[in-house]
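**Student:** after the sequence you'll find the predicted model.
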Amino acid sequence: MQINKTIKKVLWGVILTFVLFFGILIFHIITAKPAVYESPNLQVSRIDFKENIDSAAAKKICADLRSIKGLTSDSIIVKRNVVVYFHNNKITDSKKVYDELMTKGNYIAERYILPANLASKEVCPVDQNSFSYKMSQKINRFFN
């Protein structure tokens, strides 16, 4: 008889613990607010160089670009006489970056401007009419 009472007490303890943790989980899900990130509006831009860029010139270009406000140090890619960089478009734009870079060095380069037919093209790779996209939107709205 003593064993039955002990087993019942342990079982009740496990059930109450489970109910308590489940209640806490539900409370957290209901009261959770989506995280608000103060992230910059990153934009990718490109500068095409007419001259060949060797490793020394690439280092100088990267150093000059890093000194411009609005660019981060890890967002500069130099390949095949083209420099691609990411900048915060709330702080600077590609024209300002290009102008500042040209004043810092004697570079023969031009700013890449996207053709009008590509500028209006949608870049989202997800089909917004698909079932999976609509379902994920509904789930996202439910929890947020």
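**Tutor:** Alright, I've got the coordinates.
**Student:** how about the contacts made by residue 88?
**Tutor:** Contact partners of residue 88, counting by Cβ atoms under 8 Å, 6 or more residues apart in numbering, are 40, 41, 42, 43, 70, 71. Backbone N, C-alpha and C define where each C-beta goes, glycine included.
**Student:** residues contacting the second one?
**Tutor:** When you say that, I think you mean residue 41. Residue 41 neighbours (Cβ under 8 Å, 6+ apart): 88, 89, 90.
**Student:** related to what we said a few turns ago, the contacts of residue 88: which two are farthest apart?
**Tutor:** Maximum pairwise distance in these, criterion Cβ to Cβ, is 13.5 Å, between 41 and 71.
**Student:** give me the buried stretch members for the longest helix along the chain, please.
**Tutor:** For the chain, the helix with the greatest residue count under DSSP state H is helix 2-31. By neighbour count on 16 or more other Cβ atoms under 10 Å, the buried set for helix 2-31 is empty.
**Student:** what about this protein, any weak spots by pLDDT?
**Tutor:** The chain contains residues with pLDDT under 70 at 1, 35-40, 73-75, 122-124, 144.
**Student:** try it again at 90.
**Tutor:** Within the chain, the stretches with pLDDT under 90 are 1-6, 29-45, 51-94, 105-107, 113-130, 132-144.
**Student:** for it, which segments count as strands?
**Tutor:** 42-49, 71-79, 82-88, 109-111 (DSSP state E).
**Student:** and those strands: which comes nearest residue 94?
**Tutor:** Per Cβ to Cβ, nearest to residue 94 of those: strand 42-49, 3.8 Å.
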